[in-house]
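Asker: Curious how this folds, go ahead:
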Amino acid sequence: MMGEGCVVILSGVSSIGKDRVKELLLKDPELGLMEIISLTTRPKRADEKDGLDYYFVDHRNFAAAAREHRLLEYTEFNGYYYGTPAEHAEFLMAMGKNVLICVEAQGVGQIRIKHPDNMAFFLVPTSMTELEKQVRQRYKDDLSGIALRLNKAQTELELAEMFGVCVPLTSDEEAYQTIRTALIGKLNERR
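Answerer: The predicted structure follows:
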C-alpha cells in the first residue's frame with residue numbers, strides 16, 4: 001500500500017524572494033516535490049503563463065472556490081486574492097507524492113491546521129536594511145507599494161516563529177541546503 005505524501009510549506013516575509021529557493025527544491029530529485037499552483041485574481045503579467053505561474057481567475061470564480069471550501073488557504077494582498085486549490089494537493093498526496101505549497105505568511109496557519117504533519121519553512125532576511133534595499137530596487141517608483149510591503153514584512157518578522165522553521169536567506173543556495181537537510185531527515189522518518 002502506498003503511503004500518503006507530505007505537505008511542505010515554503011513561505012517568508014513579504015517580498016523576500018522565495019522563487020529561486022522554490023525552484024531549487026523542485027529540481028531536487030531526491031526530494032521529489034510537486035508544486036501546487038495557486039489561484040489568483042491578479043491580472044496576468046506579460047511573462048506569466050496561466051496554469052504554470054498561477055491559475056488566473058475572476059473574483060466570482062475565486063469567491064465560489066472559497067465558499068465551497070475548495071481552497072486549503074487564501075489571502076488578500078494589495079486588492080487581489082490568492083489561494084491554494086485543495087483538490088490538487090489532496091490528489092497528489094493520496095498518490096504518495098510530496099507537495100510543495102509556496103504561500104504568503106497569512107496562508108501558513110490555515111494549511112498547518114488542515115495538515116498538522118507538515119514541514120513549514122519561513123524565509124527571513126539577514127536584516128531589515130537588506131530587505132528594504134531589495135524591495136526598493138524591485139518596486140522602484142511604487143512608494144505606497146514599498147511602504148506596504150515593508151510594514152507587512154516587519155509584522156511577519158515579529159511572528160516568524162509561528163510560521164515554522166525560520167531559515168535566514170543569506171543566499172538562495174544556503175537556504176535551499178538548510179531546507180533540503182531538514183526535509184531529507186523528515187522524509188526518511190516517514191519511510
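
Asker: measure Arg149 to Thr181 for me?
Answerer: Distance, Arg149 to Thr181, by CB to CB, to the nearest Å: 30 Å. No exception for glycine: its C-beta is placed from N, CA and C like everyone else's.

Asker: Looking at those two, which is more packed in?
Answerer: Arg149 (24 against 10; other CB atoms under 10 Å).

Asker: doesn't Asp142 make contact with that one?
Answerer: No - the pair Arg149 and Asp142 fails to qualify as a contact (CB atoms under 8 Å) at a distance of 9.1 Å.

Asker: now the spatially most central residue of the chain: how far from His59?
Answerer: Centroid-nearest residue in the chain: Cys102, 1.9 Å away (criterion: CA atoms, centre = their mean). Separation of Cys102 from His59 (CB to CB) stands at 22 Å.

Asker: This protein: helices as residue ranges?
Answerer: Here the chain has its helices, by DSSP state H, at 19-27, 59-67, 86-94, 105-114, 128-139, 143-158, 172-190.

Asker: quick one, the second one and helix 86-94 angle?
Answerer: Here helix 59-67 runs at 50 degrees with respect to helix 86-94, directions being taken by axes from the mean of the first three to the mean of the last three CA atoms, to 10 degrees.

Asker: Pull the number of nearby residues for Arg67.
Answerer: When counting by other CB under 10 Å, one arrives at 9 neighbours for Arg67.

Asker: gap between it and Asn61?
Answerer: Arg67 sits 11 Å away from Asn61, going by CB to CB.

Asker: need the contact list for the closest residue to Arg70 other than its chain neighbours.
Answerer: Spatially, and ignoring its direct neighbours in sequence, Arg70 is nearest to Ala86 (5.6 Å; CB to CB, 6 or more residues apart in numbering). Ala86 is in contact with 69-72, counting by CB atoms under 8 Å, 6 or more residues apart in numbering.

Asker: among these, which are in strands?
Answerer: Those of the contacts of Ala86 mapping onto strands are 71-72, per DSSP state E.

Asker: closest to Arg20 among the contacts of Ala86?
Answerer: Using CB to CB, Leu72 comes nearest to Arg20 of the contacts of Ala86, at 23.7 Å.

Asker: and that closest one, how many residues sit next to it?
Answerer: If you count neighbours by other CB under 10 Å, Leu72 ends up with 26.

Asker: so it touches Pro85, yeah?
Answerer: Yes - applying CB under 8 Å, one finds Leu72 in contact with Pro85, separated by 7.5 Å.

Asker: Endpoints of stretch 33-46, how far apart?
Answerer: Terminal residues of stretch 33-46 lie 27 Å apart, using CA to CA, to the nearest Å.

Asker: ditto for stretch 44-52
Answerer: Start-to-end span of stretch 44-52 (CA to CA) is 11 Å.

Asker: Please state the mean pLDDT value computed over it.
Answerer: Mean per-residue pLDDT for stretch 44-52: 95.

Asker: likewise stretch 159-166?
Answerer: The predicted model assigns stretch 159-166 a mean pLDDT of 87.
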